[in-house]
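**Student:** Sequence and predicted structure are below.
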Amino acid sequence: MMALFGCNQPYSIKPKGYQQIDLPVKQYQLFSEKEYPYAFEYPTYAVIDKEVRYMGKDKSKDAWLNIKYPQFGATLYLSYNQINTSIRIDTLVRDAYVFANNHNSKANFLEDSAFEISKNVKGVFFHIGGDVATAYQFFATDSTRHFLRAALYFETTPNEDSLAPIHQYLLKDMQHMVNTLRWK
């Protein structure tokens, strides 16, 4: 003999949810190496990767680097250019805007906000809303010699809702990096 018991409540589908993310305590350390023309503080839970390739070329000798966040599957890509007669500031700024605008087909919005930390460190932060590959980018410069551009990417399909807590968390790290940036 077999008996079945059940509750009298109707079945309802549970809403889709996301896993809880444990965020590490914010602590920073200094990145300042003699072969790099800049210094800044970055989080202790991040890893500096100096082996950078772009379009098949080794860019590590050009002071490019990546800051990896293994626990989030994210990387902040940093590219550096020395401003001179062949690489002009207006071209670098235009390119930074072009890179940010490349996400317009998926973006809900693009906000740019200028900042000036000191007379030697100024630039623009980009916040790109929607299911885009990179929600945050920035460039910083002294307008005469140094230009540093950064873009935050994740190793997953972009989903603004599920990535929102990590975006906000890593944005604070990017802002700290800019606030502590100095040229050598």
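**Tutor:** Everything's here; your move.

**Student:** Name the residues of the longest strand seen in the chain that come out as buried.
**Tutor:** Secondary structure of the chain per DSSP state E: the longest strand is strand 107-118. Under the neighbour-count criterion of 16 or more other Cβ atoms under 10 Å, strand 107-118 has 107, 110 buried. C-beta coordinates here come from the backbone N, C-alpha and C atoms, glycine included.

**Student:** And the average pLDDT for it is what?
**Tutor:** What strand 107-118 shows for mean pLDDT is 92.

**Student:** just stretch 54-66 next, same as before
**Tutor:** 89.

**Student:** Name the residues that touch that stretch?
**Tutor:** For stretch 54-66, the surrounding residues in contact (Cβ atoms under 8 Å, 6 or more residues apart in numbering) are 35-38, 48-53, 75-81.

**Student:** Give me the buried positions along the helix or strand following the longest strand of the chain.
**Tutor:** Next helix or strand after strand 107-118 toward the C-terminus (DSSP states H and E): strand 121-130. Across strand 121-130, burial judged by 16+ other Cβ under 10 Å covers 121-128.

**Student:** circling back: what lies in contact with the longest strand of the chain?
**Tutor:** Around strand 107-118, the neighbours that count as contacts under Cβ under 8 Å, 6+ apart are 97, 100-101, 103-104, 122-130, 132, 140, 178-179, 181.

**Student:** Tell me the buried residues in stretch 96-109?
**Tutor:** 96, 99-100, 103, 107.

**Student:** what's the pLDDT at Y18?
**Tutor:** Y18 is given a pLDDT of 57.

**Student:** State the mean pLDDT of stretch 129-139.
**Tutor:** 91.

**Student:** So for it, first residue to last residue, what's the gap.
**Tutor:** From its first residue to its last, stretch 129-139 covers 18 Å (Cα to Cα, to the nearest Å).

**Student:** what's the answer for stretch 80-90, then?
**Tutor:** Stretch 80-90 has an end-to-end distance of 15 Å (criterion: Cα to Cα).

**Student:** Okay then, goodbye and thanks.
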